[in-house]
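# Provided below are the primary sequence and the corresponding predicted coordinates.
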Amino acid sequence: MRTARLGGFLLLMGLAFSAQAKMVHKAVEWTQDGTKFKSVLVYDDSVTTKRPGLVMVPNWYGVNDGAVAKAEAIAGKDYVILVTDMYGEASRPTSDDQAKAATKPLYGDRTLMRKRINEALTQLKAQAKSSPLDVSKLAAIGFCFGGTAVLDLARSGADVAAVVSFHGGLATDDPSLAKQIKARVLVFNGADDKGTMPDADKFMDEMRGSKADWQFVVLGNAVHCFTETDQHREGCAYDERAAKRSYRQMHDWLKSAFAGVP
């Protein structure tokens, strides 16, 4: 009976500890060229094991509750994720028109885009002092506009193990930058994405001119926004099958990249 009571006590203690564990949301702020940025670091504090870090650039709506929720789902107990502010804290788009205006300066000045995404990587590394981040295992993932941003991170020659782009723009201002790529590059686009797929051939030619380990995955019957659960309009719609397939391949790709194996 005493043993049973002790076992019950330990079980309750374990449940209490689990109840205390939570997904941490930590504001990460920095200033670059006079603009203040406010990103969010996301990780599960129920385990203290060091884990890989991901710079995550959301779709063109930037840092919001939906982006943080997506980061939570991806992070689990596997990653520390920096949900990255690419616009500055004063810009939080709530409409397509606002989002288009926020991305326009970055699409128009890809040097600026690369500068900002590289600073985000630097800021993620700095979180190793206060989070379970393994700085020897870093990568980047991005969605829509964010996919474009992480591809530019790779083109900049950033020292990351991998970048993964979901329904992101494929075009570049300078194809020769591909020669600088150190990361393993994994790209997912919908076969029926009329916004990004017209650049597919040029993108593959660009990658062929690099020394990168790259893979371009075309998802049948999928359009733009296939990982965005709140999108259900023509040409930009969530596709559960495409999302699950691409996430599964992303995890495998990252695991292999961090392990240094093919």
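Now that the structure is in, tell me what you want to look at. Residues are numbered from 1 along each chain as shown.
# just the strands in the stretch 51-200 of the chain please.
All strands of the stretch 51-200 of the chain, identified by DSSP state E, counting those that start in this stretch, fall at 51-57, 80-83, 133-143, 162-166, 184-190.
# So in that sheet, which strands flank the third one, and in what orientation?
Meaning strand 133-143. strand 51-57 (parallel), strand 162-166 (parallel) (DSSP bridges).
# Could you dump those strands into JSON lines and include distance to residue 190 and mean neighbour count?
In short, each C-beta sits where N, CA and C put it, glycine included. As requested, the strands paired with strand 133-143 are exported to JSON lines (distance: least, C-beta to C-beta, whole Å; neighbours: other C-beta atoms under 10 Å):
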{"stretch": "strand 51-57", "distance to residue 190": "19", "mean neighbour count": "28"}
{"stretch": "strand 162-166", "distance to residue 190": "10", "mean neighbour count": "29"}
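# Can you list the neighbours in contact with stretch 125-137?
The contact list for stretch 125-137 (C-beta atoms under 8 Å, 6 or more residues apart in numbering) reads 24, 26, 28, 41, 43, 45, 47-53, 80, 82, 124, 138, 161, 258.
# And stretch 212-221, by the same measure?
When contacts are taken as C-beta under 8 Å, 6+ apart, the neighbours of stretch 212-221 outside the stretch itself are 154, 178, 181-192, 197, 200, 203-204, 207, 226, 239, 242, 245-246, 249, 253, 262.
# which of those residues are buried?
The neighbour-count criterion (16 or more other C-beta atoms under 10 Å) marks 154, 178, 181-190, 192, 197, 200, 203, 207, 226, 239, 242, 245-246, 253 among the contacts of stretch 212-221 as buried.
# Can you point out the buried residues in stretch 147-164?
Along stretch 147-164, the positions that meet the burial threshold by neighbour count (16+ other C-beta under 10 Å) are 147-156, 158, 160-164.
# likewise stretch 54-69?
54-63, 67-68.
# end-to-end on it?
Between the opening and closing residues of stretch 54-69 we find a distance of 15 Å, counting by C-alpha to C-alpha, to the nearest Å.
# can you give me how far stretch 120-139 is from the chain middle?
Centre-to-centre, stretch 120-139 and its host chain are 14 Å apart (C-alpha atoms, centre = their mean, to the nearest Å).
# Any buried residues in it, and which?
With burial defined by 16+ other C-beta under 10 Å, the residues of stretch 120-139 counted as buried are 120-121, 123-124, 127, 131-133, 137-139.
# For the protein, which residues score under the pLDDT cut-off?
Low-confidence regions of the chain, defined here as pLDDT under 70, cover residues 1-21.
# Helices along that one, start to end?
Counting by DSSP state H, the segments of the chain that form helices are 2-20, 65-75, 96-108, 110-126, 145-155, 200-208, 240-259.
# how about a markdown table for the strands of the stretch 51-200 of the chain, with distance to residue 235 added?
Listed next are those as a markdown table, based on distance: least, C-beta to C-beta, whole Å:
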| stretch | distance to residue 235 |
| --- | --- |
| strand 51-57 | 22 |
| strand 80-83 | 26 |
| strand 133-143 | 16 |
| strand 162-166 | 16 |
| strand 184-190 | 10 |
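# do you know which of those strands lies nearest residue 72?
Each of those was scored for nearness to residue 72 using C-beta to C-beta, and the closest is strand 80-83 (8.3 Å).
# Residues touching the closest one, excluding its own?
By C-beta under 8 Å, 6+ apart, the residues outside strand 80-83 that reach it are 28, 39-43, 51-56, 58, 63, 67-68, 71, 74-75, 120, 123-124, 127, 131-133.
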